[in-house]
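# what follows is a predicted protein model with its sequence.
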Amino acid sequence: MYEKIKALLVEELQVDADDITPDSKLSTDLGINSIELADLIMLCEDKFGIEIRDEDIHKFVTVGDVVKYLEELVK
């Protein structure tokens, strides 16, 4: 799942692959703003056929947070 999320960040949001680790903070380390975070959410929903609840978005602080959340939903 980590590699899939990393690929989405690189391909869709033009984040430098070398900057991405599980501990990378989406906003401060990778420079992802709220609009780009919304794009990432929609991309994940489309790619994995899931729905991410609006109230869960605040849980996405690091790349690892996104991976962990998606691993729980996508089995």
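It's in.
# measure the spatially most central residue of the chain to Leu73 for me?
Note on the chain: the residue nearest the mean C-alpha position is Val66, at 4.9 Å, using C-alpha atoms, centre = their mean. Counting by C-beta to C-beta, to the nearest Å, the gap from Val66 to Leu73 is 11 Å. Quick note: C-beta positions are derived from backbone N, CA and C, even for glycine.
# one more: His58?
His58 sits at a distance of 16 Å from Leu73 (criterion: C-beta to C-beta).
# and the longest helix belonging to the chain, how far out from the chain's middle?
Identified as the longest helix of the chain according to DSSP state H is helix 34-48. For helix 34-48, the gap between its own C-alpha mean and the chain's C-alpha mean amounts to 7 Å (C-alpha atoms, centre = their mean, to the nearest Å).
# in terms of secondary structure, what does the next helix or strand after it contact?
Going down the chain from helix 34-48, the next helix or strand is helix 63-73, by DSSP states H and E. Taking 3 or more C-beta pairs under 8 Å, 6 or more residues apart in numbering; DSSP states H and E as contact, the helices and strands that helix 63-73 lies on are helix 2-13, helix 34-48.
# mind running it again at 6 Å?
With contacts defined as 3 or more C-beta pairs under 6 Å, 6 or more residues apart in numbering; DSSP states H and E, helix 63-73 has these neighbours: helix 2-13.
# and the helix it packs on, what's its mean pLDDT?
When the per-residue pLDDT values of helix 2-13 are averaged, the result is 95.
# which positions in it come out as buried?
Within helix 2-13, the residues that qualify as buried by neighbour count (16 or more other C-beta atoms under 10 Å) are Tyr2, Ile5, Lys6, Leu8, Leu9, Leu13.
# higher neighbour count, His58 and Leu73?
Applying other C-beta atoms under 10 Å to His58 and Leu73 shows that Leu73 carries more neighbours, namely 14 against 8.
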